[in-house]
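Peer 1: Got a sequence here, can you model it:
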Amino acid sequence: MKRAFLPLLRFGLHAATAEDRRAQTPAPPFAKATAMTELADPRYHALDTWDSLTALSAIWESQMAAVACIAPALPAIAQAIEAAVPRLRDGGRLVYAGAGTSIRIAVQDGTELGPTFNWPETRVAYLIAGGDAALRRGIEGAEDNTEDARAQAVQAALGPQDVVIGLAASGRTPFTIAAIEAARAAGALTLGLACNPDTPLLQAAEHAILTQTGAEVVAGSTRMKAGTAQKVVLNMISTQIMVRLGHVHDGLMVDMRAQNTKLRSRATAMVARIADVTPEQAKAALDACNWRIKPAVLVAGGATPAQAEAALARAGGILRAALATQR
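Peer 2: The predicted structure follows:
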């Protein structure tokens with residue numbers, strides 16, 4: 001099939017298949033599954049007969065549709081963040097729970113919080129179906145092991161300050177549901193992220209976040225649309241939490257760990273911009289503050305390192321508030 005794909009975001013039938021719809025055979029029986037994420041989408045029934053450009057255009061369209069599916073969930077995401085921030089401000093941990101693709105995406109999100117926002121690694125935890133080995137290979141039956149989920153929750157010593165995010169595209173993964181139930185029983189704040197409505201995971205969590213991504217290009221392959229939506233939502237949640245906790249100033253990652261040449265150059269530029277000083281002055285301030293950006297901004301403005309640390313402590317780590325007292 002060699003015909004151009006109309007590169008328009010339609011979220012309905014795309015141009016590559018609309019004219020072939022009449023010629024398609026009925027969808028196979030498993031397309032009648034209850035879970036939308038398991039359906040066989042008739043739009044992609046002939047995917048294996050298309051040329052690569054046409055197929056890639058269709059896959060691209062589905063990815064854009066996955067992102068669009070997040071919009072209705074924005075109020076629920078915002079409410080979950082507002083509930084999470086006080087607990088995390090008081091020393092709680094951000095905990096991710098899930099199986100397969102979902103937990104692999106979650107581990108990526110959590111791992112990057114340290115270098116990006118200087119979030120302590122001790123304040124991120126994971127409840128992983130099948131354990132760490134499942135991050136690199138599939139482990140049969142792990143997602144059904146509810147006893148392991150409860151055992152991992154006990155081992156993690158979850159408590160009222162913790163925020164636990166359970167992810168499952170289907171919303172029915174036994175491991176994830178059991179983990180959220182155990183976390184909630186321990187007093188932790190629980191968020192459930194699923195791609196099918198009215199599912200047990202959404203019912204088990206205090207904050208239900210639904211992104212209805214629907215059928216996949218390859219039926220049941222939730223590493224695609226569902227996975228994309230999960231990654232975007234996790235990025236949104238963790239980033240906005242870090243913003244609310246003061247790790248971002250003027251759109252800059254002012255708690256970034258400047259651990260290599262590129263990042264030290266970035267840190268120097270940040271201090272120079274915020275404090276309105278030369279790069280040389282910014283670097284001197286960073287040297288005096290062990291390359292920590294927020295105190296360096298205050299030092300560049302005339303404070304001693306000790307005064308900068310005290311001002312930030314009084315401001316709860318919020319650079320904008322500390323700057324206001326300095327001025």
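Peer 1: What segments of this protein are strands?
Peer 2: Here the chain has its strands, by DSSP state E, at 94-98, 124-128, 163-168, 189-194, 207-210.
Peer 1: strand partners of the third one, parallel vs antiparallel please.
Peer 2: I take that to be strand 163-168. strand 94-98 (parallel), strand 189-194 (parallel) (DSSP bridges).
Peer 1: what do you get for the shortest one?
Peer 2: Strand 207-210 has these partner strands in its sheet, going by DSSP bridges: strand 189-194 (parallel).
Peer 1: ok, residues contacting the strand it pairs with?
Peer 2: The contact list for strand 189-194 (CB atoms under 8 Å, 6 or more residues apart in numbering) reads 80, 83-84, 87, 162-171, 180, 183-184, 201-202, 204-211, 230, 233-234, 237. No exception for glycine: its C-beta is placed from N, CA and C like everyone else's.
Peer 1: Equivalent analysis for stretch 256-274, please.
Peer 2: Contacts to stretch 256-274, defined as CB under 8 Å, 6+ apart, come from residues 114-118, 249-250, 252, 254, 277-279, 281-283, 285-286, 291, 293, 296-297, 300, 319, 323.
Peer 1: among those, which ones are buried?
Peer 2: Among the contacts of stretch 256-274, those buried by neighbour count (16 or more other CB atoms under 10 Å) are 115-118, 249, 252, 254, 277, 281-283, 285-286, 291, 293, 296-297, 300, 319, 323.
Peer 1: Send over stretch 100-111 as CSV, restricted to the C-alpha atoms.
Peer 2: The C-alpha trace of stretch 100-111 is given here as CSV (Å, rounded to 0.1, in the frame of the first residue of the first chain):
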residue,chain,number,x,y,z
GLY,A,100,5.5,-4.6,33.4
THR,A,101,5.5,-1.5,31.2
SER,A,102,3.8,0.7,33.8
ILE,A,103,6.5,0.2,36.5
ARG,A,104,9.3,0.5,34.0
ILE,A,105,8.0,3.9,33.1
ALA,A,106,7.6,4.8,36.7
VAL,A,107,11.1,3.9,37.6
GLN,A,108,12.4,6.2,34.9
ASP,A,109,10.3,9.0,36.3
GLY,A,110,11.5,8.5,39.9
THR,A,111,15.1,7.9,39.0
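Peer 1: what's the average pLDDT for it?
Peer 2: Averaged across stretch 100-111, pLDDT comes to 97.
Peer 1: what residues does that stretch touch?
Peer 2: 94, 96-98, 124, 126, 128-129, 134-135, 138, 143, 165, 167-169, 173, 176, 222-223, 226-227, 230-231, 234-235, 238.
Peer 1: Kindly recompute the last result at 6 Å.
Peer 2: Defining contact as CB atoms under 6 Å, 6 or more residues apart in numbering, one finds that stretch 100-111 is touched by 96, 98, 124, 126, 128, 135, 167-168, 223, 227, 230-231, 234, 238.
Peer 1: Weed out the non-buried ones from those.
Peer 2: 96, 98, 124, 126, 128, 167-168, 223, 227, 230-231, 234, 238.
Peer 1: Could you tell me how far the closest residue to residue 309 other than its chain neighbours is located from residue 267?
Peer 2: Among residues not flanking residue 309 along the chain, residue 295 sits closest, at 5.8 Å (CB to CB, 6 or more residues apart in numbering). Separation of residue 295 from residue 267 (CB to CB, to the nearest Å): 12 Å.
Peer 1: residues in contact with the residue nearest the centre of the chain?
Peer 2: Nearest residue to the geometric centre of the chain (CA atoms, centre = their mean): residue 234, 1.7 Å. By CB under 6 Å, 6+ apart, the residues touching residue 234 are residue 109.
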